[in-house]
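S.K.: Give me a model of this one.
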Amino acid sequence: MAIFILSYDLVKKKTEFDYEILWSELKRIGAHRVQESHWLLNLANTAKEVVEHFQGYVHADDKLWASTARKDQYWFRNANGGTTDWLKQNPPT
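M.R.: Numbers count the residues shown, from 1 in each chain. The predicted structure is shown next:
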């Protein structure tokens, strides 16, 4: 398993595309929302597989980025509540 950082830019307005399917899928897999468009995921995939999976949940014009978080290779300030607890339960290696 690896800890991934998934970021996105949603180009379409919410009235033009239903992003609830994206957020529901992120919640289904136990992802944690760190910032508005920034999530942490604990998956047994590659970064390419993560992007390919989530491209099915966004509009074709939207932008996706996935990368891994490694132990002692990240830092944050003012993340959404629960981030520290999520990282304790899903420590990067």
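S.K.: Output the longest strand belonging to this protein.
M.R.: strand 2-9 (DSSP state E).
S.K.: Check the separation of the first and last residues in stretch 64-84.
M.R.: 24 Å (Cα to Cα, to the nearest Å).
S.K.: Give me the buried stretch members for it, please.
M.R.: Going by neighbour count (16 or more other Cβ atoms under 10 Å), the buried part of stretch 64-84 is 64, 66, 69, 79, 83. Where you see a C-beta, it was placed from the backbone N, CA and C, and this is true even at glycine.
S.K.: who does the longest strand of the chain pair up with?
M.R.: Partners of strand 2-9 in the sheet, by DSSP bridges, are strand 38-43 (antiparallel), strand 63-68 (antiparallel).
S.K.: Now the buried residues of stretch 64-84 in TSV, please, with extra columns for pLDDT and distance to residue 15.
M.R.: Shown next, in TSV, are these (pLDDT from 0 to 100; distance: Cβ to Cβ, whole Å):
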residue	pLDDT	distance to residue 15
64	98	21
66	98	27
69	96	33
79	96	28
83	97	30
